[in-house]
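# task: produce atomic coordinates for the following.
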Amino acid sequence: MIKELYNRSIKLAGHKKSKTFLGIMSFIESFIFPIPPDVFIIPMTIANRKEWFRIAFIATTGSVLGACFGYFIGFVFFNEIGLKIFELYGVDNTSFLKDKVSSDGGVIAWITLLAIAGFTPVPFKLLTITSGFVHFNLFYFILVSLLTRGSRFFLIAFLIGNFGQAMKSIIEKKLLFISTIFSLIIIAIAYFVYKYLTNFIS
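Down below sits the predicted model:
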């Protein structure tokens, strides 16, 4: 099933309305769809390298809006919808997280998890839904989602847009390594932003 969805996604990337499909796909990937937007971004940018910024912007916007929708599902309909999505990915109930995230250490840990999921192949959707369920701070949630998803999509589109087909195989082979390095950087930034805001507010 996943392979079939992947192949269909590749075909849609060459469609004349591919940017519309990219926005929709980026939106639903943030809370249920299993295929990452990268599948669209790479071939679309190769086909039209001058459009790399617009392609990355559409993917980022759709993904962050989808993340907010996933947050809403977790906040309002976790038992009715959220758990069913979790079951699709073989994940058990995460209700025990609610108390853990309420502590200061829990907030930092959750920002870290969001950063990793936002920039790496870790299922981002599971974190968006759970963030709503545990009532994680919405401002931090949107900020981290924007930074991580934006960094990932803009990095891929920029490399393809400026270096072309030659970067395709490198990105596909080294994406996890690149994602890990950037995740560590983003985690550090998120931590210092959190500490600064905490001290500023207090």
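
# where exactly do the helices run in this structure?
Using DSSP state H, the helices of the chain run over 2-12, 18-29, 38-47, 52-76, 83-88, 97-101, 104-119, 124-133, 138-163, 166-201.

# what mean pLDDT does the last one have?
Confidence for helix 166-201, expressed as mean pLDDT, is 67.

# now swap in the shortest one and tell me
The average pLDDT for helix 97-101 rounds to 57.

# what do you get for the third one?
The predicted model assigns helix 38-47 a mean pLDDT of 85.

# packing partners for it?
helix 2-12, helix 18-29, helix 52-76, helix 138-163, helix 166-201 (3 or more Cβ pairs under 8 Å, 6 or more residues apart in numbering; DSSP states H and E). Every C-beta, even on glycine, is put in place using the N, C-alpha and C of the backbone.

# let's see it at 6 Å
helix 18-29, helix 52-76, helix 138-163 (3 or more Cβ pairs under 6 Å, 6 or more residues apart in numbering; DSSP states H and E).

# rebuild those helices as a markdown table, extending it with mean pLDDT, mean neighbour count and distance to residue 131.
Output for the helices and strands packed on helix 38-47, formatted as a markdown table (pLDDT from 0 to 100; neighbours: other Cβ atoms under 10 Å; distance: least, Cβ to Cβ, whole Å):
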| stretch | mean pLDDT | mean neighbour count | distance to residue 131 |
| --- | --- | --- | --- |
| helix 18-29 | 91 | 21 | 16 |
| helix 52-76 | 95 | 22 | 5 |
| helix 138-163 | 88 | 20 | 5 |
